Each structure stands twice: as structure tokens, then as C-alpha cells.
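Asks: sequence first, then the predicted structure:
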Amino acid sequence: MNTATYIDRVYGGVLGKIIGVYMGRPFENWTYEQITEKFGEVDRYVNSETGTPLVLTDDDISGTFTFVRALEDYDFNLGLTPSDIGQTWLNYLVYKRTILWWGGLGNSTEHTAYLRLRDGVQAPASGSAATNGKTTANQIGAQIFIDGWAMVSPGNPDQAAALARKAATVSHDEEAVNAAVAIAVLESQAFVEKDLSRLLNQAMTYLPSDSLIAVQTQKIREFHRVNPDWRAARAWLDDEYGYHRYPGVCHVVPNYGLIIMSLLYGGGDFLRSMMIVNTSGHDTDCNAANLGCILGIRGGLAAIEAYPQLRRPHRDLMYISSADGGRCVTDALREACYLANVGLRLQGQAPLSPKNGARYHFSLPGALHGFRSLENGPKMADVENGPSPSRGGPALRLRLPSAGDYRVAAPVFSLESRTLQYETQASPALYPGQTIVASMGAGRDNVGFVIVRLFVQYLAGDDSEAWAYGPSVSIAPGAEASLSWSIDAQLDGPIVQVGVALTNTGSSVLEAWLESMDWSGAPDCRFKRHRRANVQWWKHAWVNAVDEWGVQFPESFHLSQNQGTGLVVQGTREWTDYEVSATLTPFQAEEVGLAARVQGLRRYYALLLCREGEVRLVKERDGRTILAVQKMPIAEYHAYECRLVVQEARIEAYMDGKKLFSLADSDRPLTSGALALLVTEGTLTCDEVAVSPVGRRQE
């Protein structure tokens, strides 16, 4: 298929996935009877009826779009092993804080598998029935995380099945793996095949014919052929394959069955299928997400666009809570482009780079990248995706109904620290010192100029809401303008939103359009707690992967780790060349350190102060490599000024103003990433961390 069709189908699949989660999450694990009594048929979002957020952190989304990153992290090698994917779990999961349902050993299959991995059991043994027992190994989790592997394998069921099987065996076994493979093949083939019967036939060729999943699929198809009533099918399925027949918290068989039943009885229609699977109960968000992805791929973006009541409310916004905090706040088109580019890379094709690779490019119909009009008294702009007046392709169309000021923005940081049982670990995607660029225009029929300014909303050091604005540009009717603004390095809190402020200078409706927006450059800022009591957001902007972060102490960072190595991480994967500095004080710690180019909990460079009397420069990537070492006594309760400079492949390390190490890493170097403080089995204190462009260290 051509690239345009491919990205359209992937975008449909991602949207179908998140719509399924947002529809099904408010009543997850309710029974059919409870759901129908409360809501009737669920053909809508019911979050307002249950008092829950629409866009929220969820394991289905976070796991699906995190674990597939093993392909990038292992150099797009299709020889990727289950062990490699298991290491990806350990890199991106923050224990008891991200992605998984942390329900306990033997209760939550994924939690159990994580503990096996952490204890040194390699995948696939980490998820096997021999290790964890048949009941634990056959719960639902493998299939809920599987969609990404299919979306990078368009029309290639062999590849999708192989990758899905490897990924599934990290945490599951037996029928749970069979279900995951079946879903992955359905999705892979949905890129090139619309007939539901042929899709199911193809999926079954990848399973043992006598497997429970294969037999169940055949029986559901037979029932569908003779009985057109989906409610009768649901009742039959519950009797034959319900929870009462399969032990555990959330067995795969009853839930997989509802996906296949809803696929058939929905007849390929997105909304009807979503209604059936959500109304039927069990693990509703998981089932609706898998089914939504299948149908979104099969029908492409048009299948989703047919139901604007499901498309518009979330504005494409999604959260991926992991150790890579700068990627947490994202959107469906951004993630679709990422997956499509992985798929193209695996096929040896050139990647997509809409509008020169801009973060916000609006290049497919309906895409909003999370943008919305902010309240500004009575002034609210109309925000929609539409053709730009001068370029013709999709852009963000902004309608300003009357004279006055308007603001339109997208979030770059989440203020949700916890949503239901899932924590949101996030760092801002945008920082002081970086330069924002945008391309804008004004409608040809405007009667008056549109004045535009880039802006950010941030939380000041005392957690109060604050705003900073770039220079003003006036755009005449039918004209275009390029905007550029380097954010003031003196902003003292996390940036929450980025956008454009607009002034309608006329007396009637004016239109403007945002073609694209992006930012680049090294950050230039300091991270330090404000001295005012009860200030919290400066801390929530760090991915917290230490056992204890004491806030009652005078230092900004008072970090303790009981076992192994803990990190607190700030920044994004896009940072490349920069320098980071901090003064570290060890308290009975095996080692403390400052890290750069952090790509999770097990991928980074670090300058380590070791209790045994050494200073080391190390690389963590599939284990630790000591790049350089120097003997030096490290005293407890003594403060050490540390600095790391990363520029291209060269790493320089300084302590107390003296250069200790300078070298180039030529063995699969880490070329980008965030910063971190780390501590191994002990306590580290630090009052401030500074990051700046190379050669422009803040004093």
C-alpha cells in the first residue's frame, strides 16, 4: 500500500484504540446487567455521567505505545527477542507507578511478570505457566498491549504474529498468547482486507486448530450465522465462556470472545461495534480498545470521522505514563506518525516528515493535536481542522467571532498526578531556553488585521498560574507569517501549555490558521523547590523512580533508595547536546550520580561517586559499561559539584571544577535524552539541578 493509505489506517487504528478506552473505562469490570441498568446501550461517552475524566492515564494506552519502542531501542532489528522486550519493560516501567495494574504477585499477571524480570528471570520464562501457574499466565494482559506490533506490520501477518508472540510471552502464556496473536493478525490484515470472514480465517491459521481460542472463535461464528440477535449471543457466550468457567481476576477467554462477537454483530460499523462490546461488560476498556483498533485500521480515518461525537471531545489527546516523562502528554496523530515510521523503517522505506517534521502539523483530516480555545472571559475561538487558505492542505482553522483577544493552546504537561488507579508520571515537553517556531496565516476575506503572539502558560515557583508571551506579529488579510520566540530562561516552573494568542482588530468575524508549530534547542533552566509551603508541581514534573523523596527536608532533593538504583528524571528524549550540573551529597549510599541523555531507567550516561572510593563515568544500555574510572575517596555528608557535558558522541565529566573525563563513545552511543539524579542503596541530597546549552553554563 502507499504511504498515504498506511498513515491514514494507522491514525484510524490509534484513534480507535483510545476511543475504546475512553468509552469503556468508566465502567470497567461492570456486568452487562449493571451497565444496561445505568446507561442502557452505551453508544456514547459516559464520563460526565460517572464523574470521571474523559482523557486519562490507562494501562491499555501506556503499555501499547511504550512496549513497541523495543524496536527502536534495539535498532529496528526484527530478530528482537522476548528478553529484549522484557528489558524494555524494566527500562520504562516505574515500579508501582506507571503503566501496569500493580495488583500484587499472583493476582496481577503483569505485576507478577515484572517481579520475575526484576529478579533476573528472563522472558519468556518471566511469563510462562511453568513459572507463574496456568491461571496467572492466562489472564487478559497480553492482548491489551498488542496493537502496536500489528500497526508496524501492515499487511504482513507473519511479522505481526511473530512480534506479538514475542511480546506476549514476556508476561503471559498459552491461550493468552494465542489471543494476542489472533488480535495482531486481525489488525495486520485489516490494512489490506475488509471482509470480516476472511480476516478471521486468516487469523486462525496462526493458532493451533485445537486451541481454546481457535475453537471459541469458530463457535462464535457458528452462533452468529444462525442467530442475528447480539444480546442472545452475549448471553450464550457468558454461559459457555463466562468468568464462572475461568479462574483469576480477568481471564482472557471471556474477554477475547466478546471482541469477536462484537466484531461480527457490529458488521464492521464502528459505533455499533463499540456499543455492543461496551454494553456487554467484563473488561470493557480493554475489549473496546482492541476492537476499536481493528475497525480503525480496517476502515481508516473515515471510519472514525463518521462519528464526530466520538472524535471531537478528546481532541486526539492521550497520555503515555512511563519513565520517559517528556513523552507522556501526546496525541493520536503524533503517535500514529511514530508507529508508521517504525513500520516504514522495517520495510526499508523513507520516513514520514509532515511539514518538515513539525511536532504539530495537523496534516490529516480532523487532527487537533490537543489544541482548544482557552476561556478568556466570553471570548472563545472556534477551533477546527480544515484546508489552509493558501496551501490547501489540512491546518488548524481559527475563527475569531468578534473584536477582542483569544488564546488557543495545547497541553505539554499533565496536571493529573493520578487518575483512578493509574499514576501519571510526566515531565513537560517544552522548556525555557528552547525556541518555538510557528507558521500562520490570515483569512483572505478578513476585514482587519489579526495580531498573533506565541505564548506559554506555566506554573510559577509558588504553583500560581502564569503566562509568558513572545513578540506580536500583525497578519494582513490573505497573508502569512513565520513566528519565532526563545522562551525566557528565567521562568521558574513547569510549562503546562503552549499556544498562540490572537487579537481580532476588526468589527466582525476574522479567521486565522495555524499551519504548524514546533520547538528545538537545548533547555536553559534551573530546577529547584520554591521555599513556600505546599508547593507540589515542581516535584510532579519529575519522573519519580526512587523509594522515598522526602519533602520535609531543607534540600529540594532528598532521595532515598532501599534496593537497587533509583532515579528522578526530567526532560525529553529530544534533547541532544547540553550540559547539566548539580551539587551532590551522599548519605551512606553505595553510589550517587548525575545522568544525561536518559532514555528510561536503564539507558543513560552517568557520573557516579562510588562509596568504595572511585569516580566512574558509565553507560547504562543493556547492562553497565564503565567508560572511565578514577580512584578518589568519597566522603559521606560531603558536597561535590558535578557536571556532565554531552555533545555529539563526546562526553565530558567534571567534579569540583576539575575535568575528570573526556571521551567519545563509538559503541552504539546514546544520542539524546533527559537528565536525572540517581542513588543506589542509600540517600542523596541536592538543592538544585541546572541544564543549559553547551558552553553557556548558568552561574
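Replies: That came in fine, so what should we check first? Numbers count the residues shown, from 1 in each chain.
Asks: distance check, residue 40 against residue 279.
Replies: Distance, residue 40 to residue 279, using C-beta to C-beta, to the nearest Å: 8 Å. (Each C-beta comes from the backbone N, C-alpha and C, glycine too.)
Asks: what does residue 127 give?
Replies: 32 Å.
Asks: what strand or helix carries residue 605?
Replies: In the assignment (DSSP states H and E), residue 605 maps to strand 603-610.
Asks: ok, now which ones touch the residue most central in space within the chain?
Replies: By C-alpha atoms, centre = their mean, the chain has its centre lying nearest to residue 320, at 2.5 Å. With contact set as C-beta atoms under 8 Å, 6 or more residues apart in numbering, residue 320 has these partners: 61, 62, 65, 66, 327, 328, 330, 335.
Asks: each with direction, which strands does the strand holding residue 605 pair with?
Replies: strand 591-598 (antiparallel), strand 614-621 (antiparallel) (DSSP bridges).
Asks: so where's this protein shaky on pLDDT?
Replies: Residue ranges of the chain with pLDDT under 70: 376-378, 417-420, 531-535, 697-699.
Asks: got the domain ranges for it?
Replies: 3-326, 355-520, 542-692 (automatic domain parsing).
Asks: so which of these comes closest to residue 536?
Replies: domain 355-520 (6.6 Å; C-beta to C-beta).
Asks: is residue 135 in contact with residue 252, as I believe?
Replies: No. At 11.0 Å, residue 135 does not count as touching residue 252 under the criterion of C-beta atoms under 8 Å.
Asks: could you pull out the strands for the stretch 551-699 of the chain?
Replies: 557-570, 578-587, 591-598, 603-610, 614-621, 624-631, 640-647, 650-655, 658-664, 674-686, 689-692 (DSSP state E, counting those that start in this stretch).
Asks: got a markdown table for those, with mean neighbour count and distance to residue 491 too?
Replies: Below are the strands of the stretch 551-699 of the chain laid out as a markdown table (neighbours: other C-beta atoms under 10 Å; distance: least, C-beta to C-beta, whole Å):
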| stretch | mean neighbour count | distance to residue 491 |
| --- | --- | --- |
| strand 557-570 | 21 | 14 |
| strand 578-587 | 23 | 17 |
| strand 591-598 | 28 | 22 |
| strand 603-610 | 25 | 26 |
| strand 614-621 | 21 | 31 |
| strand 624-631 | 13 | 34 |
| strand 640-647 | 21 | 22 |
| strand 650-655 | 20 | 26 |
| strand 658-664 | 13 | 31 |
| strand 674-686 | 24 | 17 |
| strand 689-692 | 22 | 13 |
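Asks: tabulate those (TSV), appending distance to residue 99.
Replies: Below are those laid out as TSV (distance: least, C-beta to C-beta, whole Å):
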stretch	distance to residue 99
strand 557-570	15
strand 578-587	27
strand 591-598	18
strand 603-610	17
strand 614-621	20
strand 624-631	24
strand 640-647	28
strand 650-655	30
strand 658-664	35
strand 674-686	18
strand 689-692	26
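Asks: where along the stretch 401-550 of the chain do the strands fall?
Replies: Under DSSP E, counting those that start in this stretch, the stretch 401-550 of the chain gives strands at 404-411, 418-419, 422-423, 435-442, 450-459, 465-469, 473-475, 480-486, 495-504, 510-520, 525-527, 543-545, 548-549.
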